[in-house]
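1. Pasting the sequence and the predicted coordinates here, then a few questions.
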Amino acid sequence: RLRKLEKKLEENKIKEEKEAQDLEAMVQHVEQNLQLMTKRAVKAENSATKLKQENALLQVQLNNYKTENEALRSGQLASLAVVKRNADLALQNLLTVLTASRSSIKQLVSGAESLQLVADLLKSIDRISEVSEDGQ
């Protein structure tokens, strides 16, 4: 009977060690994923900042084109076709920046949600560890 109990104790120790190793491997995997998601979030933030700067520059250009358009209407400049072309170009640029900005913002939000999920998972792992320690 003593040998059976010793054997069972040894089996339980081996099982607990395996579980601890599996848990450690899972934590390392989660940490790697967290680092990757953090890098992606930083990249998305940088991209969003760059697109905001481009947007600001295009806004200035648009205002310049509007001023030029007003001047053309008052007869101070030559051709309305030039203004229309400039306005169309500014509009195309604004739409391009807007599309890229939306994409970057969606990526940033997705990254933030993923980070929240990983944080929740890490909290759960901590709770599991605490329960396992209490049960020993």
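-> All right, it came through fine.
2. and the strand or helix carrying Val30, what other elements does it pack with?
-> Element membership of Val30, judged by DSSP states H and E, is helix 2-73. In terms of contacts (3 or more Cβ pairs under 8 Å, 6 or more residues apart in numbering; DSSP states H and E), helix 2-73 is packed against helix 80-135. For every residue, glycine as well, the C-beta is placed using N, CA and C.
3. Report the inter-axis angle for the helix it packs on versus helix 2-73.
-> For helix 80-135 against helix 2-73, the angle by axes from the mean of the first three to the mean of the last three Cα atoms, to 10 degrees is 160 degrees.
4. Centre-most residue in the protein?
-> Compute the mean C-alpha point of the chain, and by Cα atoms, centre = their mean the closest residue is Gly111, 2.8 Å away.
5. what pLDDT does that one get?
-> Note on Gly111: pLDDT of 82.
6. quick revisit: what's the offset of the helix holding Val30 from the middle of its chain?
-> Distance, stretch centre to chain centre, for helix 2-73: 6 Å (Cα atoms, centre = their mean, to the nearest Å).
7. And for stretch 1-8?
-> Distance, centroid of stretch 1-8 to centroid of chain: 54 Å (Cα atoms, centre = their mean).
8. buried residues in that stretch?
-> Across stretch 1-8, burial judged by 16 or more other Cβ atoms under 10 Å covers no residue at all.
9. Check stretch 17-33 too.
-> Val30.
10. I'd say Gln61 and Leu91 touch.
-> No - in this structure, Gln61 is not within contact of Leu91 by Cβ atoms under 8 Å, at 10.7 Å.
11. Could you tell me how many residues sit around Leu58?
-> 19 (other Cβ atoms under 10 Å).
12. what sits against it?
-> Applying Cβ atoms under 8 Å, 6 or more residues apart in numbering to Leu58 gives the contacts 90, 93-94, 97.
13. Which one of these is nearest to Lys50?
-> Closest to Lys50 out of these is Val97 (9.9 Å), distances taken as Cβ to Cβ.
14. count of neighbours near the closest one?
-> Val97, neighbours per other Cβ under 10 Å, totals 20.
15. Can you verify my assumption that it contacts Glu54?
-> Yes - contact status for Val97 versus Glu54: in contact at 5.1 Å, counting by Cβ under 8 Å.
16. Thanks a lot, catch you later.
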